[in-house]
Structure formats: C-alpha cells, structure tokens
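*Asks:* Can you look at this prediction? I've put the sequence above it.
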There are 6 protein chains.
Amino acid sequence: MVMYGGGEAMGLADLYVSRAPLYFGGVEAEPERADLLVLGAPYDATSSYRPGSRFAPRAIREAAANIEFYSLRAGIDLEDYKIADLGDVVLPVSPQDATRRLEVVVTDLIDRYPEKLMAVLGGEHSITLGVFKALAKRVKEPCLLVADAHFDLRSEYMEEQYSHASVMRRIAETFGSDRIFYIGVRAFAKEELEFARNKQIEYITSSAARLLGTREVISRVNRWIKRIGCENLYVSIDMDVYDPAYAPGVANPEPEGLEPWMLLDIVFRVVKEADVELKLFDVVETSPPYDCGGVTSVLAAKTLLEVFAAYIARRMS
Amino acid sequence: MVMYGGGEAMGLADLYVSRAPLYFGGVEAEPERADLLVLGAPYDATSSYRPGSRFAPRAIREAAANIEFYSLRAGIDLEDYKIADLGDVVLPVSPQDATRRLEVVVTDLIDRYPEKLMAVLGGEHSITLGVFKALAKRVKEPCLLVADAHFDLRSEYMEEQYSHASVMRRIAETFGSDRIFYIGVRAFAKEELEFARNKQIEYITSSAARLLGTREVISRVNRWIKRIGCENLYVSIDMDVYDPAYAPGVANPEPEGLEPWMLLDIVFRVVKEADVELKLFDVVETSPPYDCGGVTSVLAAKTLLEVFAAYIARRMS
Amino acid sequence: MVMYGGGEAMGLADLYVSRAPLYFGGVEAEPERADLLVLGAPYDATSSYRPGSRFAPRAIREAAANIEFYSLRAGIDLEDYKIADLGDVVLPVSPQDATRRLEVVVTDLIDRYPEKLMAVLGGEHSITLGVFKALAKRVKEPCLLVADAHFDLRSEYMEEQYSHASVMRRIAETFGSDRIFYIGVRAFAKEELEFARNKQIEYITSSAARLLGTREVISRVNRWIKRIGCENLYVSIDMDVYDPAYAPGVANPEPEGLEPWMLLDIVFRVVKEADVELKLFDVVETSPPYDCGGVTSVLAAKTLLEVFAAYIARRMS
Amino acid sequence: MVMYGGGEAMGLADLYVSRAPLYFGGVEAEPERADLLVLGAPYDATSSYRPGSRFAPRAIREAAANIEFYSLRAGIDLEDYKIADLGDVVLPVSPQDATRRLEVVVTDLIDRYPEKLMAVLGGEHSITLGVFKALAKRVKEPCLLVADAHFDLRSEYMEEQYSHASVMRRIAETFGSDRIFYIGVRAFAKEELEFARNKQIEYITSSAARLLGTREVISRVNRWIKRIGCENLYVSIDMDVYDPAYAPGVANPEPEGLEPWMLLDIVFRVVKEADVELKLFDVVETSPPYDCGGVTSVLAAKTLLEVFAAYIARRMS
Amino acid sequence: MVMYGGGEAMGLADLYVSRAPLYFGGVEAEPERADLLVLGAPYDATSSYRPGSRFAPRAIREAAANIEFYSLRAGIDLEDYKIADLGDVVLPVSPQDATRRLEVVVTDLIDRYPEKLMAVLGGEHSITLGVFKALAKRVKEPCLLVADAHFDLRSEYMEEQYSHASVMRRIAETFGSDRIFYIGVRAFAKEELEFARNKQIEYITSSAARLLGTREVISRVNRWIKRIGCENLYVSIDMDVYDPAYAPGVANPEPEGLEPWMLLDIVFRVVKEADVELKLFDVVETSPPYDCGGVTSVLAAKTLLEVFAAYIARRMS
Amino acid sequence: MVMYGGGEAMGLADLYVSRAPLYFGGVEAEPERADLLVLGAPYDATSSYRPGSRFAPRAIREAAANIEFYSLRAGIDLEDYKIADLGDVVLPVSPQDATRRLEVVVTDLIDRYPEKLMAVLGGEHSITLGVFKALAKRVKEPCLLVADAHFDLRSEYMEEQYSHASVMRRIAETFGSDRIFYIGVRAFAKEELEFARNKQIEYITSSAARLLGTREVISRVNRWIKRIGCENLYVSIDMDVYDPAYAPGVANPEPEGLEPWMLLDIVFRVVKEADVELKLFDVVETSPPYDCGGVTSVLAAKTLLEVFAAYIARRMS
Ligand SMILES: [Mn+2]
Ligand SMILES: [Mn+2]
Ligand SMILES: [Mn+2]
Ligand SMILES: [Mn+2]
Ligand SMILES: [Mn+2]
Ligand SMILES: [Mn+2]
Ligand SMILES: [Mn+2]
Ligand SMILES: [Mn+2]
Ligand SMILES: [Mn+2]
Ligand SMILES: [Mn+2]
Ligand SMILES: [Mn+2]
Ligand SMILES: [Mn+2]
C-alpha cells in the first residue's frame, strides 16, 4: 500500500494512513521502472444492448486489489514484478474519434516503453481497432488472436462502422482477414459467417474447442501463426467468450461459452510457448452494472494476471 | 424491425421511427404465414418459493431481441424463418381455471395452425397440464419428455392439486405414468420418488446423465418412445434442470444441475432425429426478479431457438 | 388490451390471448385518430456518469401500463382519450447526427399531425436540441420552460458540443438566451452560472421555489412568457429536477430537489392556464438501471400523464 | 433475546447461544399473557403488477428486530409490553378460499383473545376482507378506516372478484358503503370514482390531506365515526398510501403520496383519541423484492409500532 | 483531472491519459497547500445490523467526482479551493484499538495542519470517539453537535463498549454530558433516554425540529454553545439523521427523519454564523451495499461540501 | 411445519396458523432427541473485502426451508431424521474473544451431545479455530480436511492474528501442520505457499483435482489420514472452494474453482467411507449481500445436507 506522507520526520499519519489510490495492483509504480503496463479505455458509446463497460477499468482495478497475484500456471508471484497503471485514456463520444485517439495515444506509449507488455482494459470491443492500428504502425507482421463469442464482423451496426460489432471487419479489411484467429465464437449473423467463410478466416467454436481439447486448439493457433508469418502477437479477450455462468456481467451474454480454466490454459500456453511474442493485449466488454456479485470483474482481473504471468514465464525460460 | 407508418408517401418518420413492439424475434409476423409460433403463459399463482415467472414471457422476448438467431447445431439461421408471436394468454388466478383456460385456448390454436410448431413460454410448470391436455385432445398417443430438477409428482402441494409441484402427477393420473420421461431430475420428496418407482416412471438424474453421456441418454429416450408407442412428442423444459450457475433466475434453484451444452445436445438431437415428431413444447419457471444479470432469460431464449432449429432441421432432412 | 386475431369467426384464442405489445397506455391507436402522441428517443451516448436512459422509453411504457390514467388535478380520465405511441426513433451514436435525425423526424411528425400534442420520452437531455429545432422551424416565437437540477449550459463537455450538459447552451446560442426559463436548478459549474447571469437567463432554484410557493413561481413564468412574446411553449422536464428520494433512477442525482406534488402543480397550471399553448414536451434523463424499485419510471409516466391532462383540460375549458 | 436451553444446570451454551427465532420483536411471548398480538397473512396470489407481499411478514419481523420500540408520540417504550407473534396463517391459492380461511382463523383468535389488539401483517390488500368479516361477526357496528392510494373498489379485476383491487367493493357491498373512510387516495379507475360518488363514500385525497392539515383530517374522521354510529374501529393501512420515496417496496407505487410523519400523526391520534376503540388493524402490500434498501419494511414495522403505542396510550389515559 | 506524465517533452499520452486516482474532488492536492482536508476512516466492525460503511469513503469520493462543487447557500465555487484527500486510515478490527489508532493519527494531522478544516469520512459512528479525543487533546473547550436519529448512549452494545451505539456515552463520560447537543434524534432505548434526561443532555427530535423551524433550532444551538462555553466546535453527522427516503443506504434506517434541505440549512448556518468556529467534522454511517441508486453517497458528498462551503464563507466574511 | 397452539381443545387457528420460526429444516426439534445438530456462528468482523457472512446462518436456514431433503448419493431422505437447530452463538466483535467464546460454547455442546454430529454455519473462516480447539479438547488425534480456494496461512492479516486469513496458521502452529489437508486451494500469497511447503502441508489444487479425478483425491485423503494417525475428523468447507459461477456470494470469489458435483462427491465419500469418523464440520464464508439470486445459500444448505446424509449412511452401513 502506498502510505501517505514521506517528509523527513515520520509521524503516525505516515505510518497508518494509506493514500489508497485505485491503481491496478494497488501500487503506484513508475512506468519507466515497471515490468508491465496497464491502460484503461473506458468507452462504451456503441454498446447496443447493455452499456456499462465504461465502468470496467475501475471495477477491474478494484477486483485486482482483492485477489492474490500468484499464478499457479506459471509458478510466479506477480507481486515480485512492477505493474505500472498508466490510468485511463480520455475518450470522445464519436466512435471514429475515439478510435483515432486510442491509436495516437497507444502509439505514443509504445514509443516510450517499447520493451514492456501493455494490457488495455476496455471498454467495449470497438477499442481494439485503435490499439491494433497503433501496434501495426510500430511492428512488422502483427496478428490478432481473438477470444470472443461473436465474430464482430458486421459491415456496420446500427448505422455505425466503428461499432463493437464491426471491429474485426475493419481490422480484416485493413490488415487482411488472415490476420485474425477466433476462439470460442458461437453467435453471429449470417452475413458475418459468410464473410468469415469467404475470407477463410480461421475460427474454433466453443463446442469445437470442447471437442478438440486444449492441446489441439493450441496447435491450430501455432499452425496459423506459422502459415501467415505472424511476427508480433496481439491477443484480444472479449469477456463474453466465457459462459455467462462465469461472466454474467458482459454486454452481450451468450450461452454455451467456455469454462475459464480451459480458455486460460489455451491463452497461457499460447503466450508462453507460441513461436511469436505477445506485444499487446486487451480484456474487453466487462459490464459492471450487470455483474452480479462482481464475479466478472474478478475473472477479468484474473485473466489479465494469467497473461502477465505467461509473459513473464516466457521471458524467464 | 417494424418501421412505423406505411402510407403512400414515405416521410422521414417512416424511415427512422421503429414501432418496436415486443414480439419474439422483434418482427410482427402473421400466424398464418409463419413457420413457428410462440405463445406466452404468464402465470405464477402457485409458486411457493420465489414468484415472478409471470414476467418471464416478456423477459425472454426481450432477451431474444438481443441474441443471434443462427444455430450452430443446425447450421440454420432462424432469421430466414417466420416466427409469429401470438401474445400472452390472459389467465385467471385460480389454478384450475387457468388450466382450463389454457386447454381451450391451445386447442383452438392447434385447430387453427395444425401444421406449425408452437412454443409456450411459462409461467410456472403448472401450465404444462392445460397445454398437454389440449394436445392430447387433438393427436394420438402423445408423450411427454420433461427436463426438470424435480418430479412435480406430489398428490397436492400447499393444499392445491393444480400446483406446479403436482403437474406431472395430474398428467400421470390422466394419461398414464408411462407417458412421462424425465431428464436431469435430482430433488424430490420421498412421496414422489415412491410414486415414480411404483409407477415405473423412467428418469435419468443429472448425475446419471453426466455418467451415461449424451448418446446413451438419447438412446434411452428413443427406447422409451418405442416402448410406449408414442406418436406425438411434447417436450417440457423447466429451466431449473440447468445448474443454478447457468440459470439462477428460477423459482426453485437446485444445485448439481446440467450444463446447457449437454441438455441442448440431448434435446436438439431428440427433436431432430427421434422416431417421433415434436408437436408442442414449453420452457417454464424462469423467474426474472431473481435473474441476476439476466442470464436465465437469455438461456431460455436460446433453448427455445435450439428447439426451433432442430425442428426445422428435421423438416429439411 | 389489444386482443389477438380478429377474423370473422371468433375462437377462444381471440377472446383470451392478448398481443400485449408495449405501447404507451397498452393500446394500439392510429396516430391519425389519436388525441395525443408519444415518441421515444432512446439515446444516451453522451451520458458521462450513469448511462441507461436509452432504456427509459421502454421502462416508462411499462410503468404506464400499471398506473391509473385518471388525473385528480384535471378531473379527467385519460382512458377516454386516444394516445398513439409512435414508437422509438432509431438514432445513431454520434450526438450531432442524432440531433439532426431527431430534428428531421420530429419536423415530419409535426407536419403530419400539426394539431396533436406530442410527448417525447428521452433518452438523455441532449435530445431536446433536435426536438426544439424542429418545433422552431414550424412555429413562431417558441420558448422553452426547463425543469432541471442543472443549467446544461456548458460550452462543451468531455470534448463534445452536443452533450446533455451543453444542450441549453446550444439552444441559447441559436434561439436567444431569453427563450429559456429554468425551474428547480441547483447545481452548476461557475462557467454556467456566469453565462446565465451574463445572458440574463431567468431561473428559479429549487430552494427559491420552496420559498416563493407555487403561485408565485407560476406568475413569474407568465411574466417571462409575456416579456419575451412567446407564442408557442415547449416544456422540457429533466427527471433530476425532482429530489433523488423521488427520482433515484437518473443519470445525475442531485440532492435538495423538488417534491413531485410541487413541480406537477406548477407544470399543470402553466400548461392549463398560461397565455400560451403547449406544443411539444419531453421527459428526459430517467435511467432505469439505477431506478431502485422502479419508482422513477412510474413518476416519469405520471409526469407525462399530468401534462396530457392539463392540455386536455385547457382545450375543454 | 431468547436464549437456548433452560435445563437446571446452566452451561455456557445456555448463556451464549440465542435461539433467535424470527418472532416480531424477537421475543417468544405466550399469547395468553401478551398485551398485543401479531399475525402474518403471507398471501399475494392476486397481485397483478409486482408480487412479493407474501414475503412481507418475514421481512417486517426482521426489520422490527432492528429498530427501537420507544414511541416518541406516546412517550411509551413498547419493550415494556408483551407482543405475542402468533405466526403466519397458512393460506391456499384461491382468493375466495384464502378469504374464508382468514375469516375462520381470525374469528377463532378473536374468541380466544377478545381483549387484545391484533395486528395482521399482509400480504396483499385482499386479506382485509376475511379479517374484517371475522371482526364483523363478533362486534357490533364495525367500521373501516383505510389508508390507501387506491379505492380498491372495482367490481372485479382480472376476472377475479376477491382481488386486492376489489376488496373494498366486497366490503362496501356486504357491510354498507358508509362503513368505509379513505385517507390518501389518489389513483383510481373512473368506475371506482363513480361508485364512490354514487355511494357517497367519504375520502380525503393525499393532496387534500396536505391542504387540510392533520387536525382537520382527524376531525373529519371523527365526524364520520359519529355519523355512522361506528362502535368498533378497524384500520387498514396499504403501504402505498405513503409516497414511493418513503415506501418504494409496494405492489403498486403511486406518486404524490403522504409523508410518513403526517399519516402516522393522523392514525396515532385517531387510535388514541377517537370516540371509538380500535379492535383490529392491518398493514398490507409491502413487497420486499422491490424494497430497495429495505426501507419499506422498516416503515411498515414502525407503522405497526405506532398503532400499538397509540392503543396502549389510550388504555393508559 | 490529473493527467499522466509530465516529463519535458509532452507526448499525446500526456495530453489524453488521465491517471484518475480516486481522490475526493478528483484532484491530487498537496496537504500543505490545501485549504481543506479529507480523511477516510473505513471502519465498520461493530455494525450490528447492516455492515458496509467501510466502503463509504470510496463511494463518497466517487459520488463527489460526479457532482458540482458550487454551493448555492454560500455563493462559492469550491472548485476555487484546494481540497487535499489524505487517504484512508488503516484500522485494526478491535474497536478499542481502532479508536486509539484514530486518536493518534488525527492528533498527528492536527499538529501538522493546525489551520485547516478536516472532514473525516466514516465508517460507522464509533470513529467519532477517537477523532473527538484527538481534538480535545489539542484545543480548549471542545463541544460536539450531533445530527443523528439515535442517541448512541448505551453503556455497551453487544458486549462492546466501543460500539457505534455507545460512542456518545463514552464521550459524555469522558468530556461531560453537557458537551453534546443532538439534532434529529428519534429512536432510542429507554436506557438511553433516561441517561440523556438524567444528564440533562440537550436534544431536538426530528419532529420537534419540524415544529420549531430552522431559525429556532439554530438559536437553541447558539444558546447551548454559550451556556457551556464551547470554544471549538466538532460536528458529527450520522447519515441516518435524514429520512430513509433521502438516505436509504445507512446501517440503521429510521423513519420520520429530516429532509436534507432543512438539516443542511441548520448545519450551514451554525458553521457559518455560530459564535464558535468549526475545527473538525465527520460524516458517518453511509452503507453503500444498501444504497440503492447511490443516492446516499451523493447526499453524503453534498453534506460534506456544504460544510466546507459554510466554513469558507465564514472565513471570507 | 410447527403449528401454533397446542392446548387441549383444538381451534381453527391451531390447524391453520404456522409459527414458522426460522429453524434449519423448519422443524423445532429437541436437541436431546435429535440425530443431527446445527449451530450458527454469525461472525464476520475480520472480513477484509466483502462482509456479510454474519447473515449467512439465517440465509442458509431460509434456503434449507425451500429445498428437498432427499440425498441421491445416500439414497436417504433426511426428513426421516431429526435435525435440531440450536440457534446462533452470540459473538463479541474482538476476533480473539469470539474465538474463545466459540471454543467454550462448542466444548459445552460436545459434552452435552457427545454422540451427535454438529454442523457449524459460519460466518467467516476465522470461526473454525474456536470450534476445532473445542473438538481437540475432547477427542484424541483430531485432523482437519479443508475445502478452500485459499490457504488462510498468513502469520497475520491487517494487523490481526485471529483473522479468517490466518486461521489455518493458528491451527497449524497449535496442533501441528500435518493435521491439515487442503482440497481446491488455488490462491495465496507467497508467504503462505512457502509456509505450506516448508511445513510439508498436503494440498490438492482445484486444477490438480480436475486432473486426478475424484477417486485419486479420495485415496490421497485416506493416505493422509493413515499417515498422521487421525482418529477424529473435522471437515471445514469454505464456500469459495466452489467456482464463483456456482457460489458468487462469498467474501473472496476466486476463479477456477471446483464444480459442486465434484467436491460433493469427494466430501460425501470421505465422510461415508474414510477410516475415520466425522465429528464436527463447518460451512463458512457465504456472504448473502453478494449472493445474486441466492444460489450460494442454496448450495451451502445442500452441502450441509450431503454431509449429514453421508454421516447417516455410514452409520447405517
Ligand atoms: Mn467482441
Ligand atoms: Mn462478444
Ligand atoms: Mn417443474
Ligand atoms: Mn423444477
Ligand atoms: Mn438536463
Ligand atoms: Mn439535469
Ligand atoms: Mn389497497
Ligand atoms: Mn393501494
Ligand atoms: Mn450514530
Ligand atoms: Mn444513527
Ligand atoms: Mn478460508
Ligand atoms: Mn477462502
């Protein structure tokens, strides 16, 4: 805990008063000296069904302050690493403007801290476009592993091209549809399915993932990485990839999702062992107003921590 | 979406104002031209523990308006089929009167639309009695596949013979106890278990279902259908058959229930492939006031859609 | 209630099945033959604190379906009048586009039904700009009576000029600051207060209203109407004008608001007796996700009904 | 607190374990030795809008366990008096049967404890019919003071004659419409208003009560008591008589209700000082599932306690 | 808003990323240069009924971030003054230890910032003991104005002497019972009333306050200040002094409380105009888990701001 | 149901009024004649994150009143056995005092009812220390099987040695670290892991349990029992051992927990078949204020019933 004060002579207030600012992990770390970075993107203007993901960065920070930082998968205690919480990007209402803002801000942050893994906390899924564009400006051959119940491949949604429901369409159009690989997808409009099929986008539905098993899913991801020559990995986790039992607080709950232990096994091992290093990732679509018992925020925080732990484990191995 | 207006000269209001009535699927289809029918039965007067299933038809319609209509199991997009929402039956307080009302109304609807599959949205489980009676008046050799955590076989409950807790007892007494097959049952009074055993009613508990696996459960259903000579199938899905993690918003949550993917696999394949055609089905006992995060209503809508998709798939094959 | 069916031969389903579409007042009336019109504007993209007013039109319709339509103030039963619910305007995310859309749609509706009073159900307060602009295109010397805890006079808010917090600034700039009169205002940034004072905008704070009493407030409104030569009245009611005890479900709850009986007395008598006729009005900023016990939606419905009743009473006198 | 045990030799468990049964006031008193009686009537089968008053007796008992029993109005501490909680009447679903059951049970209790004031905790308002009938069988010239937002005078409601919305119609028909006096009424169908006017039923609306003031309201009640020759008073308090700000957790919240201090002043002084003694009273229509923050249950408990205190104060004076 | 970064060369992240730590008022001010101080005391271990006031400091800070800082009573915009949020005192479970901890910490803070008004945000009411003790160590003739529904004068509660229900008893015993003046009290055990009467503690019940009016209440406070020779004022506001309609989110809601406008008028004018200067104050007993719609936290923040504004106004006059 | 009355002559009230005290199982059984005992320990003073487990005993009793008592695993209907609900231990705030109180009370109860299995309903996990100490005073070679997401092995937590987070450390220090065996553990501070490893405490993480399967977990428990020579078993079930999907209403939800069917299979078979008899058990950490839909309380009640059923089944075999 960050204690208050710090003048020469210590008083009792210095000892016992905690400033308790709401940083991820509860500690104020200098970005320059941190191992890992967290950035909030509290944006939900295009949410069509259940808004509220704008509150997710705060709720996830609060959840993170109350869970353990030890990763059983990695055998690593993240308390031993410095996580700098950069704060929240201030975002305008217009989806296009918000996308542009995110792009320039994230580009700037990549330039400042090129060697540090950054997690972006959504906000709705539309934020991935700006963040991915920033990455694509700075690295070669980026690719995008998406965990989502949905394709988000509509040409537009509710008259909006920059909506959460179109974010992958924009990315596919700009960077090539082979750049995207889906895990857990299970709900879509026919238009999206046709686009995915026409463009030969790879995806593993949640029921396919259950049938194939963790190992086979991972090896398909690896084959895709090799096939497209991906050199820099971006992972985007839409919390609705989990079954609503585990993540009720999302904008668009969709039955028959993945169990957390399975998705986390897959993501952990891809990040730790795949032939390409993770450069950026996001965890999006948590909607605190619908998060009964707060379990979705806790799961989002846990998801973020397991990715961090996998990344550290890779570096150490 | 149904847009407002429709006079000769189109104005801007015709373009941009949506009448948005709360029909299942959001579209106002003529029953005569529809492929599938939905009827609400908002009745919960005998609910002893947690009332509120009277609000379920509305909540499920609202949930249906926000999920995709593509069925992965069927490879069919239900957006391509017309679903007519007939509205809600107006029901009196008395359970006996409500049962009679449902019987005559459903009989009338069967007569009007004999070739269309109708889904009845409860409401509590007591509604199944009236609906099944209507079917039994119009078809030969009906039988009833029940997905439920409970037997609902009490001779009476809280001094009431037409209660949700006695509905299968009434059906067994009237139509024969061999007409009923249970999946997922796991909680009952000794009186009910003894009745079930004495009458040799078939049932597969949730833990038995997990052990047997989907395939064996289906084949037992098929053997039962043959054994009793069932010619017309009715499926009744009490949402408490699912584990409370997946369906917290029910009148009587009971631990150790089924995972949705398993129950939906079973029901889908029975409807699509069994030796008997589905004539009517209901989805009952969703209780919106207890449905944190609204996930139970979404699962109820999904359940209904998968049954519809299985029915269409059977017709097409 | 709208019953289903209507073919020549009546069946039991015709008698007992209610289509129950969610129209205000529960009845599907033809706009052409209606006395009063209701239009929903489910927009909340600029809500900075607690979103959710997009759900208000539906929640208020539902509340209206469960309260009585008799007005004690008017001695009139609104059940005797036809209210046509036109549905909801489909609105894009961008605040500027949404404003334009509302302007053209409402203009079109004014042209179609020039003699009917229309109530617009927000949505956030930003919707008032488009609606007022439509009115200003069609009538002479419009003016705006605003019941609100806030001035909404910021030059911009969160980088957005079309925000709910700037809506009156835009109206004041376009139509003249003398066109606006506030009741119940009590929270503002210094920038807004200075603008109001510089531009000599009239306002009565909630504590001033309590001191002055209903009668004096009304007479000040009348003097303002005469002074500026207002010929067509628009009333805009931000639900946060009420104390949060009465209206907890708003985007920006602000203590020390008005009691409903007082505000309704004022608005009723202005609408019924002022020297200018009401042409349009809106009820905005109800936020159902924060509306514990649903009392805010009920109060919004009641507010709308009292304005309708005052309007009818004026016509009859 | 009722401590566990009570054998000869006291152990530590006798000292420190509380049996804590949920009796009103937390104490298990013998009815025979009690000064006051409480009876629960957990019935809500006819609730058309927001069910849940079946849970009210329990919720109000729990609230009562956590508030003080000292009455400032009476200058009396109810802790000094014995309150026996008789428990809950077991009620069937059918409204007519439930009414009959209540009638016979309450008659029996009046016969057993003729000298004790009994409070009946609803449940919905329909319970008043059975209770009043019981009283009318045992005392001469009973009359009924009703605090309610509604008349409950429909000839039937939703096809049901014994509904909460018809309870006063049944009483008026059976015992004479002059037997009823309303305080706080403000919402009704035209049919009810016409019945009230035709039958010259007396009522004071909530806005009239505010204008007249406590004293005048009380004197009108007294004049009515004299005029009709009432010899035994029954008071029925529908919690929706209060403004929804104070009592959000009711089945039918209706704006512009009374402040608790005003209604309690009126009821307290009528019970303490009117020319007729209170024989029975009820507090109905609390709906815990809609009672945000539990304030309605607390207010119901307080209402009950103030009536008890007024009754004791009358006896002592 | 505190923006991130601050190195020499400004990047886009410096412009658009907000660090957004949860300080009261949203700004990180140095205590040394601040005009006003805020300290959190998140303690609720003795809460017997509805715990959760430990979460109040955070909830009130969040509410404060979303309301305006202009005080109509003072004509002052608190945005023009620096408020330093010192953070939260880290408190042990034991009530006695927590009291001691608060005493030494607050003593230390008074010594550091002797000229600044500090607001302490509870936590439950027991925190007032430690804070008042600290003040009494540093100033002469302190006295305590308490706004509360309760006396909190039990000799002990649930076997605990340092409970919220005994806090004023401890203060009365230590500093003299004439040091305390109550406003809004209305619920107590007979033991407490007798203590208050025996010790001639002054109090004005909520119903007395309504009868006397603001002006008379203030003049009684002033007479008490003079009579006891108070030289340094401490104000303690238990949020349950307000009616539960306005403050549902409290540990012990008690009907018939004060309206906010009245209590704030009284407190404002006492702080601004009484013959003694305010040295410290607290706002306690907000319980966020029971705060439907968050209105209690907003009212607590507003209460704090009005006291600050009164203090500034006094200094300026 | 316990009916009211019981005098010689039965009246209708005797027939139809239920005293309905909130005993576990709904029946008031004499402890002396009971087969099984339930004791509540409503204590949550050291809960650091989400308090409320003080309400768990009541909530679990209420849940138990609404589920069936038949155990499918045991083939036994617990309705055939007498369960005496002893009530709740009255506990002071101080954790050390509460521990001592529980120790003496439970010791006393063991002495009174040495042959009966007692279930203790927490409250937070810290209660296990006092209960285990009581058992250790009366039986030889006790040991402790803990189902928990956490180790609870901190040397102290928030300055408190008797906290829920240190309970197993205190037990390990006092009785030997080999006395404890964990199932389902998955979140801990490094300090705890090191202590566990240094002391060679046995544990099976939730992911290990999934891999090993029920049978292997049970055989490891049996080997541990033999190795340490345990003669009397205590089982402590922290509800957070379940995945938050199944048990959202806990103080510290931790993702990737066990499915109820698996944990119940393990616990059932250990209790029924292990080489040592169960003497006492507890079910702790249910937090009703965070228990959306009430499913956690239902699962806690079910857990308790399955342990009871296993115990009876063992006795019968
Ligand atoms: Mn997505
Ligand atoms: Mn998605
Ligand atoms: Mn059922
Ligand atoms: Mn069931
Ligand atoms: Mn506004
Ligand atoms: Mn406003
Ligand atoms: Mn009524
Ligand atoms: Mn009523
Ligand atoms: Mn207090
Ligand atoms: Mn208090
Ligand atoms: Mn534990
Ligand atoms: Mn734990």
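*Replies:* Great, that's in hand. Ligands and ions are numbered 1, 2, ... in the order given.

*Asks:* low-scoring stretches of the stretch 1-150 of chain A, by residue?
*Replies:* Judged by pLDDT under 70, the stretch 1-150 of chain A has its weakly predicted residues at A:1-10, A:12-13, A:15, A:18-21, A:27.

*Asks:* measure the closest residue to A:Lys199 other than its chain neighbours to ligand 4 for me?
*Replies:* Excluding its sequence neighbours, the residue lying closest to A:Lys199 (C-beta to C-beta, 6 or more residues apart in numbering or on different chains) is A:Ser177, at 3.7 Å. For the C-beta atoms, the positions are set from N, CA and C on the backbone; glycine is no exception. Remark: distance between A:Ser177 and ligand 4 (C-beta to the ion, to the nearest Å) = 46 Å.

*Asks:* try A:Ser236
*Replies:* 39 Å.

*Asks:* List the contacts of the residue nearest to A:Lys199.
*Replies:* A:Lys199, A:Gln200, A:Ile201 (C-beta atoms under 8 Å, 6 or more residues apart in numbering or on different chains).

*Asks:* Go through the residues you listed and give me the one with the most neighbours.
*Replies:* Most neighbours among the contacts of A:Ser177, by other C-beta atoms under 10 Å in any protein chain shown: A:Ile201, with 22 neighbours.

*Asks:* With adjacent residues omitted, what lies nearest to the residue in the stretch 101-250 of chain A positioned nearest to chain C?
*Replies:* Residue of the stretch 101-250 of chain A nearest chain C, by C-beta to the nearest C-beta: A:Glu159 (4.7 Å). Leaving aside its sequence neighbours, A:Glu159 sits nearest to C:Pro92 (C-beta to C-beta, 6+ apart; 4.7 Å).

*Asks:* what's the answer for A:Lys302, then?
*Replies:* Leaving aside its sequence neighbours, A:Lys302 sits nearest to F:Pro255 (C-beta to C-beta, 6+ apart; 4.6 Å).

*Asks:* residues of stretch A:92-106 that come out buried?
*Replies:* By neighbour count on 16 or more other C-beta atoms under 10 Å in any protein chain shown, the buried set for stretch A:92-106 is A:92-96, A:98-106.

*Asks:* farthest pair in the residues you listed?
*Replies:* Using C-beta to C-beta, these reach their maximum pairwise distance at A:Val93 and A:Val106, which is 19.3 Å.

*Asks:* host element of the residue of chain A found nearest ligand 12?
*Replies:* Taking C-beta to the ion as the measure, chain A has A:Glu68 as its residue closest to ligand 12, at 10.5 Å. Of the helices and strands defined by DSSP states H and E, none includes A:Glu68.

*Asks:* Next, give phi and psi for the residue lying closest to it once chain neighbours are set aside.
*Replies:* In space, A:Glu68 comes closest to F:Ala187 once its chain neighbours are excluded; the distance is 4.1 Å by C-beta to C-beta, 6+ apart. Torsion angles at F:Ala187 (phi, psi; degrees, to the nearest 10) stand at phi -140, psi 130.

*Asks:* now the residue nearest to A:Glu159, what's its secondary structure?
*Replies:* Following DSSP: H, G, I helix; E, B strand; the rest coil, we place C:Pro92 in the coil state.

*Asks:* gap between A:Met158 and ligand 7?
*Replies:* In terms of C-beta to the ion, A:Met158 sits 44 Å off from ligand 7.

*Asks:* Am I right that that residue is in contact with A:Ser48?
*Replies:* Yes. Judged on C-beta atoms under 8 Å, A:Met158 makes contact with A:Ser48 at a distance of 5.8 Å.

*Asks:* okay, and the common contacts of these two?
*Replies:* Common contacts of A:Met158 and A:Ser48 (C-beta under 8 Å, 6+ apart): A:Ala165.

*Asks:* Next, the contact list for the residue nearest to A:Glu68, please.
*Replies:* Applying C-beta under 8 Å, 6+ apart to F:Ala187 gives the contacts A:Ile67, A:Glu68, A:Tyr70, F:Ala149, F:His150, F:Asn252, F:Glu254.

*Asks:* now with 7 Å?
*Replies:* Contacts of F:Ala187 were listed using C-beta atoms under 7 Å, 6 or more residues apart in numbering or on different chains, and they are A:Ile67, A:Glu68, A:Tyr70, F:Ala149, F:His150, F:Glu254.

*Asks:* go on, A:Ile76?
*Replies:* A:Ile76 is in contact with A:Ala309, A:Ile312, A:Ala313, counting by C-beta under 7 Å, 6+ apart.

*Asks:* more crowded one of A:Met158 and A:Ser48?
*Replies:* A:Ser48 (17 against 14).

*Asks:* and the gap between A:Ala41 and ligand 10?
*Replies:* From A:Ala41 to ligand 10 the distance is 42 Å (C-beta to the ion).
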